[in-house]
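Engineer: No sequence on hand, only this structure:
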């Protein structure tokens with residue numbers, strides 16, 4: 001199985017640590033420490049990776065989408081995914097709901113920030 005950072009280099013077409021650090025907006029030394037320790041970056045960097053690659057966090061981590069077969073119709077996935085998420089939310093306790101709320105808020109802020117950057121570029 002390919003390591004996480006090897007997949008990121010391939011997905012982002014970034015052959016060097018310097019290139020990848022630039023794309024992610026982090027210091028080269030920070031990225032190097034993550035790579036050498038095979039550690040995942042903080043959530044805001046994972047969200048940036050997700051946005052840059054168009055892949056979900058699970059796909060970034062494992063290289064595939066859990067629960068979907070290749071022959072499934074792509075247009076049905078968002079509706080199914082939304083139902084899956086809503087069904088899971090129903091099962092969460094208060095602590096888990098707080099975590100999900102923090103995650104979604106952070107994600108939404110990252111998207112808004114990226115949109116603002118594009119407007120000014």
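Structural biologist: The structure has been received and is ready for your questions. Please read all numbers here as calculations on a predicted model, not as lab measurements.
Engineer: can I see the domain layout of the chain?
Structural biologist: 1-66, 72-121 (automatic domain parsing).
Engineer: Now the longest one: average pLDDT?
Structural biologist: Put plainly, it is domain 1-66. Across domain 1-66, pLDDT averages out at 84.
Engineer: before we move on, back to that, is it possible to get JSON lines of the domains of the chain that adds mean neighbour count?
Structural biologist: C-beta: built from backbone N, CA, C; applies to glycine. What follows is the domains of the chain, written out as JSON lines (neighbours: other Cβ atoms under 10 Å):
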{"stretch": "domain 1-66", "mean neighbour count": "14"}
{"stretch": "domain 72-121", "mean neighbour count": "10"}
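Engineer: And residue 89, which helix or strand is it part of?
Structural biologist: Taking DSSP states H and E as the criterion, residue 89 maps to helix 77-91.
Engineer: and that helix, what's its mean pLDDT?
Structural biologist: Helix 77-91 comes out at a mean pLDDT of 75.
Engineer: Quick check: the gap between the residue most central in space within the chain and residue 35.
Structural biologist: Central residue of the chain (Cα atoms, centre = their mean): residue 50, 3.2 Å from the mean position. From residue 50 across to residue 35, the span is 18 Å (Cβ to Cβ, to the nearest Å).
Engineer: Cool, thanks, signing off.
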